[in-house]
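**Q** sequence plus predicted model, see below.
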Amino acid sequence: MDPQPTRSLEEARFREMAFEDWVLDRFRFRIVGIEVTQSIQYYSASSHLTDPADRGADNSVRLVSGKPAWVRVYVRAGWRLPDIPGVTGTLQVSQRVFGAFYPPGVVLTPQPPATVTARSAPAYATERGTLAYSLNFIVPAQTMCGHLRLIATAQTPAGASDSMTILLDVTLEQRLRLAGIMVGYNGPSSTAPGAPTVTLAAPTITNLQNTAATTLLMFPVRSAGTYRTAGTVNWTLPLTDAPSCPGCCTPNWVALNTAVDAQRTADGNRSDVLYYGLMAPGIPMGPIIGCNTGGVSTGSANDGMTMAHELGHACGFAHAPCGTPGDPNYPAYEPYDPMATPQASIGEYGLNISNGSIPSPATFKDMMAYCGPRWISLYNYGRLINHASLDPRRICEDRWWWREYIEWDPFVIPEKWLPDPPPDPLVNRVRPHMDRLISVLGVIHGRGRLEVTSVMRLEAETTIRGGKRTNLTAQVISVDGRVISESPLVALHAYACGSCGCKNEHEESYPATFQVLLTDNDEAAALRILDGDKTVWDRPASKVRPRIVGFSAKVRKARASRSRASEGLVIECAWQARCARETESEAVIQWSSDRGKTWYALGSLLRGEEATLDASSLPAGRIDLRLLVSDGFYTTRTKAVSVNVPPQRPALSIMSPRIGGTVVAGEAMRLWGAIAMPGGEDVKHNELKPTWFIDDKQVAEGIDVFVPAPKAGRHRARLSMVVGRQRASAEVDFQSVRIPPEHELEREQR
């Protein structure tokens, strides 16, 4: 008997039953979807994105470990049936073990008001863009790790219920590792003759932490960053000078970015951190209020969106096309952008996990655009996944039970049964590789017109990020005229923002910072820069190498003053150097806490024979210092000088709630802090047990937690922690307000 007719009947019956189930499903209360987001996410993309190429499956935007996630559960009343108010529910979060099993996990309750109205056919944009149209849960940062199973359950007051299960892979960890180059100011208030002097303290690690909050919200990184100081630049020139052309940076802006770049190079030009020049607020500037130079990012303290934008450049991103040309690969997200004409729409609905606000793709532009308001887009979020600058690695991975057993059993040889050993969890960590280099820094004033401001021999990484190769070539020449090493100059072309508009970064403009890193060689007898076959700059070797006849350093306490934000430590350094050249010598001071294995920058571009440098970020104990002096060709370094640094308090800051910020009484309030240990070492938050207080009443433990916001009125949040014998604390004042229930559904944006 031919079985084909039987199969056809079975398939027809199945389709009939599936259709009946679909019809019945339309007439009953149900959960229609779950969205899990940390800053932007796909959900029912076909309901709003008209180009299928722009769509992704629900929750297919990668989630990262160590960062809270908001879970939105969408519910429906039956088709054409009345709305069902008072729907509530739970969310169970389980972590997979032994590769297959999900033991019962934590059960979360909805965020206030803890209920939602199930509607039969809400408009997509209204439901997606309004937090009150879904049941909302917050999965804590410490729970977001591993292979997770989420079971959402919803119930109506009449007893109807439904559930939905989704699986998540949250085994990717990425970190924001920031090295702040702190820029203080002591100079005239303007370029006008006789302008009064302005003195501004260099920002602190706390300022760096607070400024990084916006980046941590948008980037796919864990909510706890790593922070350290890469030295201080004491600036003396106002940034109020005239630009060299419309949309160009001013000469003083370019000189500042050159100094920041010199500090980065003295720190080793490391790939395991993102460098950022953090300027003291109030430094005189205008009409140009920002100068972006490829590879060197500088912005004012507490300007979080500018930092996120500049760190995007540091990760290799061009501008998003919105009013100015930008990344040619940026997609057009129709219908929010005109067809095949990208205008920097973020492409999907975002969510600010600190306050629950929802950036809409209809109005929000990518953080790399000059248009606003801004949030991170699907495009650039995806490009940051597994980005080397964010130190990606896999964690919280579980394996099949037999693999776990073999690794645990001390009497079994793992190699016999596991030809592929389990991956090293640190295998993907960025490890800087230092080479002996000659760093040549300067300014291109025009075609064929160069000014070299720094020549220093040191150990650093060879890659210059964010610049563009020029047709100029730098060479190291031997005594007999051989080219020992050569490399193209990298121009860090500047483009400015201000009242004259923003210049396209693809256009050449002058002045522009340049840098080249050449392989050092003991046979070097001259340096030169060529434009084709024409020599545009050269420098022969000095007749006598520079000589350092003395170097001393001592640590002392510094009192708060106009030039310092707070009490702390400084290191006073003095030296005597003898150079044969007529040019003024240049010095760099570096520090090491591991007996000279690793060196970091304390100060660079130092002139004269003494310097007072900030030591507030140095670790306690023995610190070795060394001095490097360059005469413009040769560099001489001293033997290490040791100083003893007393214990210092860790830097503690509160990123949420913001100073003077507003929260809604009774709703979820994020208590989010940042800790930086002296020396920039990684922080083990579980061991430190930071404690939160609101109005002197303890409310939570942990560096990133959510609690119900207090009743309406003014309040004070305090974060406290003890490390050894050092107690650190930070506090902010904030306002809590009450929103009447009849207005809750109108809050599409907070």
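**A** Thanks, I have it.
**Q** helices of the stretch 301-450 of the chain, start to end?
**A** Secondary structure of the stretch 301-450 of the chain (DSSP state H, counting those that start in this stretch): helices at 304-314, 378-384, 401-408, 414-417.
**Q** brain fart, the stretch 601-750 of the chain
**A** 685-688.
**Q** so where's it uncertain?
**A** Residue ranges of the stretch 601-750 of the chain with pLDDT under 70: 680-687, 741-750.
**Q** likewise the stretch 401-550 of the chain?
**A** Within the stretch 401-550 of the chain, the segments meeting pLDDT under 70 span 401-430, 466, 493-509.
**Q** let's see that with 50 instead.
**A** For the stretch 401-550 of the chain, residues meeting the criterion pLDDT under 50 lie at 402-428, 498-501.
**Q** how about the strands in it?
**A** 435-446, 449-460, 468-478, 483-492, 494-498, 512-519, 524-531, 534-540, 547-558 (DSSP state E, counting those that start in this stretch).
**Q** closest one to Ala45 among those?
**A** Smallest distance to Ala45 across those (CB to CB): 33.6 Å, for strand 494-498. The way it works is simple: take the backbone N, C-alpha and C, and place the C-beta from them, glycine included.
**Q** one step back: give me whichever of the strands of the stretch 401-550 of the chain is most buried.
**A** Among these, the stretch with the highest mean neighbour count (mean count of other CB atoms under 10 Å) is strand 512-519, at a mean of 24.
**Q** now that one, how far from the chain's geometric center?
**A** Averaging C-alpha positions (CA atoms, centre = their mean, to the nearest Å) puts strand 512-519 26 Å from its chain's average.
**Q** now swap in stretch 297-307 and tell me
**A** So, by CA atoms, centre = their mean, the centroid of stretch 297-307 is 11 Å from its chain's centroid.
**Q** residues in contact with it?
**A** 183, 203, 207-208, 210-215, 256-257, 260, 275-281, 283, 290-291, 310-311, 313-314, 367, 374 (CB atoms under 8 Å, 6 or more residues apart in numbering).
**Q** now do the contacts for the closest residue to Arg374 other than its chain neighbours.
**A** Nearest residue to Arg374, sequence neighbours excluded (CB to CB, 6 or more residues apart in numbering): Met367, at 4.9 Å. Residues near Met367 by CB under 8 Å, 6+ apart: Met218, Met305, Ala308, His309, Gly312, Ala320, Arg374, Trp375, Ile376, Ser377, Asn380.
**Q** picking that back up, any of the contacts of stretch 297-307 buried? List them.
**A** The neighbour count (16 or more other CB atoms under 10 Å) marks 183, 203, 207-208, 210-215, 256-257, 260, 275-280, 283, 290-291, 310-311, 313-314, 367, 374 as buried among the contacts of stretch 297-307.
**Q** what's across from Leu652 in the sheet?
**A** Ile675 (DSSP bridges).
**Q** what about Asp733, how many neighbours?
**A** 12 (other CB atoms under 10 Å).
**Q** hang on, it packs against Gly660?
**A** Yes - if you go by CB atoms under 8 Å, Asp733 and Gly660 touch, sitting 6.6 Å apart.
**Q** count of neighbours near the spatially closest residue to Pro619 that is not a sequence neighbour?
**A** Of all residues not flanking Pro619 in the chain, Gly679 sits nearest, at 3.2 Å (CB to CB, 6+ apart). By other CB under 10 Å, 18 other residues sit near Gly679.
**Q** burial count for Lys639?
**A** 10.
**Q** which residues touch it?
**A** Arg626 are the contacts of Lys639 under CB under 8 Å, 6+ apart.
**Q** cool, and Ala491?
**A** Gly294, Ile444, Gly467, Lys468, Arg469, Thr470, Glu508, Ala512, Thr513, Phe514.
**Q** for Lys468, see how far away it is.
**A** Distance check for Ala491 against Lys468: by CB to CB, to the nearest Å, it reads 6 Å.
**Q** export stretch 536-549 to CSV, keeping only CA atoms.
**A** C-alpha atoms of stretch 536-549 as CSV (Å, rounded to 0.1, in the frame of the first residue of the first chain):
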residue,chain,number,x,y,z
VAL,A,536,61.6,68.3,4.2
TRP,A,537,63.2,67.7,7.6
ASP,A,538,66.4,66.1,8.9
ARG,A,539,68.3,65.9,12.2
PRO,A,540,71.8,64.5,12.5
ALA,A,541,73.0,62.7,15.6
SER,A,542,74.4,64.8,18.5
LYS,A,543,78.1,64.9,18.9
VAL,A,544,77.7,64.0,22.5
ARG,A,545,74.9,62.0,24.1
PRO,A,546,72.9,63.8,26.8
ARG,A,547,74.2,63.1,30.3
ILE,A,548,72.1,63.0,33.5
VAL,A,549,74.2,64.0,36.5
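**Q** find the nearest non-adjacent residue to Leu390, please.
**A** That would be Gln174: by CB to CB, 6+ apart, it lies 4.0 Å from Leu390.
**Q** roughly how far apart are the one you found and Ala524?
**A** 41 Å.
**Q** same deal with Leu217?
**A** Leu217 is 48 Å from Ala524, by CB to CB.
**Q** then Pro104?
**A** Distance from Pro104 to Ala524, by CB to CB: 68 Å.
**Q** repeat that for Thr638.
**A** As for Thr638, its distance to Ala524 is 21 Å (criterion: CB to CB).
**Q** tell me how many other residues surround Pro740.
**A** 6.
**Q** do the same with Pro331
**A** With other CB under 10 Å as criterion, Pro331 counts 17.
**Q** residues contacting it?
**A** Here Pro331 is in contact with Ala53, Asp54, Pro342, Gly347, Tyr379 (CB under 8 Å, 6+ apart).
**Q** repeat that for 7 Å
**A** Applying CB atoms under 7 Å, 6 or more residues apart in numbering, we find Pro331 in contact with Asp54, Pro342, Tyr379.
**Q** so how far is His387 from it?
**A** 19 Å.
**Q** now do Ala53
**A** 23 Å.
**Q** so those two - more neighbours on which side?
**A** Neighbour count, other CB under 10 Å: between Ala53 and His387, His387 has more, with 15 against 8.
**Q** look up the closest residue to that one, ignoring the ones flanking it.
**A** What sits nearest to His387 in space, not counting adjacent residues and going by CB to CB, 6+ apart, is Cys315, at 5.9 Å.
**Q** again with Val723
**A** Spatial nearest neighbour of Val723, chain neighbours left out: Pro650 (5.5 Å); criterion: CB to CB, 6+ apart.
**Q** so the one you found makes contact with Ala728?
**A** Yes - Pro650 is within contact range of Ala728, at 5.1 Å (criterion: CB atoms under 7 Å).
**Q** when the two are compared, which one has more neighbours?
**A** A side-by-side neighbour count of Pro650 and Ala728, using other CB under 10 Å, places Pro650 first with 21 against 18.
**Q** pull the contacting residues for that one.
**A** Contact partners of Pro650, counting by CB under 7 Å, 6+ apart, are Ile675, Ala676, Met677, Pro678, Val723, Ala728.
**Q** go again with 6 Å.
**A** The contact partners of Pro650, taken as CB atoms under 6 Å, 6 or more residues apart in numbering, are Ile675, Met677, Val723, Ala728.
**Q** what's the local residue count around the first one?
**A** Ile675 is flanked by 25 other residues according to other CB under 10 Å.
**Q** okay, how far is it across stretch 597-615, tip to tip?
**A** Start-to-end span of stretch 597-615 (CA to CA, to the nearest Å) is 20 Å.
**Q** ok now it, how far from the chain's centre?
**A** Taking mean C-alpha positions (CA atoms, centre = their mean), stretch 597-615 and its chain are 26 Å apart.
**Q** same question for stretch 364-379.
**A** 15 Å.
**Q** okay, that stretch in CSV with CA atoms only?
**A** In CSV, the C-alpha atoms belonging to stretch 364-379 read as follows (Å, rounded to 0.1, in the frame of the first residue of the first chain):
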residue,chain,number,x,y,z
PHE,A,364,17.4,59.2,17.9
LYS,A,365,20.7,59.2,15.9
ASP,A,366,23.8,57.2,16.4
MET,A,367,26.4,58.4,18.9
MET,A,368,28.9,58.9,16.1
ALA,A,369,26.6,61.4,14.4
TYR,A,370,26.6,65.2,14.8
CYS,A,371,22.8,65.2,14.9
GLY,A,372,20.8,64.5,18.0
PRO,A,373,19.4,63.3,20.3
ARG,A,374,21.9,60.4,20.3
TRP,A,375,22.1,56.8,21.4
ILE,A,376,24.1,53.8,20.1
SER,A,377,22.8,52.1,16.9
LEU,A,378,22.4,48.5,15.9
TYR,A,379,25.3,49.0,13.4
